[in-house]
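> here are the coordinates; sequence isn't available:
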């Protein structure tokens, strides 16, 4: 089994697509005004409008901008470099500047326009580097 995609349901497809294109430097594929994908080497961020909920059981299935438990994480080569590149763009949405976590990753935590938490991280300690090079 492989995790292939994480889908974000939003009332602001255009805004989220622009945001994720900016932070990832990946061009989204916009299939319809209601659905887009940003494909990385290992997984896809899918962005769907609330209109797409009709295909998944109706509007009560998911509610945009209500996440309080999931962090969308991106492994990056150099989290400090990414912070320097994005700090002006993210100025009002940074939750935590690059910080070494107890498990050995250096993490930058910020929110997307819908309030979802996003983590850019780089393995920092010998143990965490080994974990991601196996």
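Alright, I've got the coordinates. On a predicted model such as this, the values are computed, not experimentally measured, just so you know. Numbering: from 1, shown residues only.
> isn't residue 97 right next to residue 84, touching?
No - applying Cβ atoms under 8 Å as the test, residue 97 and residue 84 come out as separate, 10.8 Å apart. Bear in mind the C-beta positions are built from the backbone N, C-alpha and C, glycine included.
> isn't residue 74 right next to residue 122, touching?
No - when contacts are counted by Cβ under 8 Å, residue 74 is not listed as touching residue 122 (10.0 Å).
> which one of these two has more residues nearby?
Neighbours were counted for residue 74 and for residue 122 using other Cβ atoms under 10 Å; residue 122 has more, 21 against 17.
> quick one: low-confidence ranges for the chain?
Low-confidence segments of the chain, defined by pLDDT under 70: none present.
> which residues does the residue positioned nearest the centre of it bridge with?
Nearest to the geometric centre of the chain sits residue 72, at 4.3 Å (Cα atoms, centre = their mean). Beta-bridge pairing for residue 72 (DSSP bridges): residue 118.
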